[in-house]
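Engineer: sequence and predicted model, in that order:
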Amino acid sequence: MTSIGPEAPSPASGVPVSPIAFRHRNFVLFWLCRLSGTFAIQIVSVAVGWQVYDLTRDPFDLGLVGLFQFMPAFALVLVTGPAADRFPRRVIMALCCAAEAAGAAALVWLTMAGEVSTPPIFGILLVFGVARAFFGAASSATIPSTVPREALSNAVTWASSAWQFASIVGPVAGGLLYGLGPQVAYGAAFGLLVFATVAALLLNVVQHRRALEAGWTGVVAGFAYVFREKIVLGAITLDLFAVLLGGAVGLMPAVARDVLDVGPIGLGLLRAAPGIGAIAVAVVLSLVPIRDHAGRIMFVCVGLFGFAGAVFGLSHALWLSVAALAVMGGADMVSVTIRETLMQLWTPDEVRGRVNAVNMMFVGASNELGEFRAGMTAAVIGVMPAIVTGGVGAVLVAGLWAYWFPGLREARSLERREA
């Protein structure tokens with residue numbers, strides 16, 4: 001086994017260890033990379049969703065936007081994980097951000113050339129999907145290497161909040177920039193992705209590497225570990241099915257236009273609302289971390305996530321829709337922090353890339369494939385009924401998983417490996 005980069009401070013080294021993630025240089029760089037990269041993706045997502053819906057006025061195509069971004073994570077799961085465990089993760093992250101920057105530049109060119117249509121847009125989204133698949137496995141596995149163990153829970157909270165913070169400002173910025181022209185939105189995304197590439201290259205972290213197990217055993221080691229460790233299996237599949245059913249992001253352009261009768265700025269507010277709730281909860285968690293009954297708190301929050309989703313599906317008022325989405329975001333932040341911290345604590349570094357590749361595949365399924373599910377269901381029964389039934393389904397998932405995974409339900413502390 002070999003290590004790359006300096007060791008993180010630890011009590012054994014005699015160096016004082018701060019439990020605050022932002023006091024560690026590598027985490028700051030990591031957080032900036034994730035923030036700027038996700039901010040760019042949010043801008044692209046709003047712009048592409050609005051542009052595609054303007055072209056076709058078909059909610060099924062909004063589902064395809066999610067499907068084309070998810071397919072690579074599913075198809076490449078046996079490649080992205082081993083790559084994250086074998087090669088320098090910061091280099092993988094930088095290359096992925098650079099590929100996404102190229103995709104944003106292509107969207108600028110298509111728009112300015114007047115060649116916009118769904119086939120090239122979906123092709124570019126496929127490139128984004130490939131880059132996100134490799135980036136997701138490498139970046140998630142990098143988090144524990146940026147901070148000492150004492151700061152891991154705080155780091156997971158703020159790493160998640162980078163996405164959520166971008167979800168607050170990104171969609172609003174995307175709507176405003178799209179109002180100036182789609183090429184302006186895509187150009188801003190390009191600049192942010194270049195910055196993310198540089199931040200990734202500046203990382204200098206420990207990565208424990210060893211020769212992967214020979215043959216098929218090494219390739220599927222991530223799956224084998226997930227199915228062997230019930231805590232990890234329960235945490236990953238809970239996210240998969242709850243968000244697969246309860247997620248409604250892909251239908252927001254249809255809700256904004258056809259139900260609430262608001263424009264791109266209104267769509268930006270809807271997209272920002274979950275992030276507003278999440279970042280508020282992230283601040284609370286950073287000040288008052290979860291110290292006991294983590295598993296039970298997680299399941300309650302997943303149920304609340306589904307309930308708030310059903311309320312969003314019943315709403316015809318912008319203020320109520322925004323409030324329901326904010327509750328969804330806050331509840332999801334709590335459950336994400338608990339799930340991700342437990343998973344990182346239970347996974348050795350040498351297999352963490354492969355385990356996180358499996359996790360990212362399921363996360364992609366819950367988000368992008370969830371958008372496809374929502375679009376397909378909306379095409380059959382209508383937009384709002386599709387959202388309501390999905391929210392109810394997420395509540396049922398929380399109850400079933402709490403019963404089927406008692407070890408996860410009874411997990412207590414996030415400070416040590418304990419269930």
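Structural biologist: All right, it came through fine. Numbering: from 1, shown residues only.
Engineer: okay, now residue 380: neighbour count?
Structural biologist: Counted with other C-beta atoms under 10 Å, the neighbours of residue 380 add up to 9. From N, CA and C alone the C-beta is placed, and that goes for glycine too.
Engineer: roughly how far apart are it and residue 253?
Structural biologist: Applying C-beta to C-beta, to the nearest Å, the value for residue 380 to residue 253 is 18 Å.
Engineer: do residue 376 as well
Structural biologist: Look at residue 376 and residue 253: by C-beta to C-beta, they are 16 Å apart.
Engineer: next: residue 237.
Structural biologist: Residue 237 is 29 Å from residue 253, by C-beta to C-beta.
Engineer: same check on residue 227?
Structural biologist: 37 Å.
Engineer: who has more neighbours, these two?
Structural biologist: Neighbour count, other C-beta under 10 Å: between residue 227 and residue 253, residue 253 has more, with 26 against 12.
Engineer: C-terminal to the helix or strand harbouring that one, what's the next element?
Structural biologist: Secondary structure from DSSP states H and E places residue 253 in helix 252-254. Downstream of helix 252-254, the first helix or strand assigned by DSSP H and E is helix 264-287.
Engineer: how about that following helix: buried residues?
Structural biologist: 264, 266-282, 285-286 (16 or more other C-beta atoms under 10 Å).
Engineer: now for that helix, which elements pack on it?
Structural biologist: On a contact count with 3 or more C-beta pairs under 8 Å, 6 or more residues apart in numbering; DSSP states H and E, helix 264-287 meets helix 25-56, helix 152-180, helix 252-254, helix 318-345.
Engineer: let me know the angle separating that helix from helix 318-345.
Structural biologist: 40 degrees (axes from the mean of the first three to the mean of the last three C-alpha atoms, to 10 degrees).
Engineer: next, the angle helix 25-56 makes with helix 264-287.
Structural biologist: Using the same axes, to 10 degrees: helix 264-287 against helix 25-56 is 160 degrees.
Engineer: let's verify residue 316: helix, strand, or coil?
Structural biologist: coil (DSSP: H, G, I helix; E, B strand; the rest coil).
Engineer: roughly how far does it sit from residue 384?
Structural biologist: Taking C-beta to C-beta, one finds residue 316 at 9 Å from residue 384.
Engineer: who touches both of the two?
Structural biologist: residue 259 (C-beta atoms under 8 Å, 6 or more residues apart in numbering).
Engineer: looking at the two, which is more packed in?
Structural biologist: residue 384 (20 against 11).
Engineer: apart from its chain neighbours, what residue comes closest to residue 298?
Structural biologist: Once flanking residues are discounted, residue 298 sits nearest to residue 338: 4.3 Å by C-beta to C-beta, 6 or more residues apart in numbering.
Engineer: tell me, how many residues neighbour that neighbour?
Structural biologist: Neighbours around residue 338, by other C-beta under 10 Å: 27.
Engineer: before we move on, back to that, in TSV: the helices and strands packed on helix 264-287, plus mean pLDDT and distance to residue 205.
Structural biologist: As requested, the helices and strands packed on helix 264-287 are arranged in TSV below (pLDDT from 0 to 100; distance: least, C-beta to C-beta, whole Å):
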stretch	mean pLDDT	distance to residue 205
helix 25-56	87	5
helix 152-180	78	12
helix 252-254	84	36
helix 318-345	87	14
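Engineer: so which of the ones you listed is the most packed in?
Structural biologist: With neighbours defined as mean count of other C-beta atoms under 10 Å, the helices and strands packed on helix 264-287 peak in mean count at helix 252-254, which reaches a mean of 28.
Engineer: got any ranges where the chain has weak pLDDT?
Structural biologist: 1-18, 63, 66, 70, 164, 167-168, 206-222, 349, 364-369, 413-419 (pLDDT under 70).
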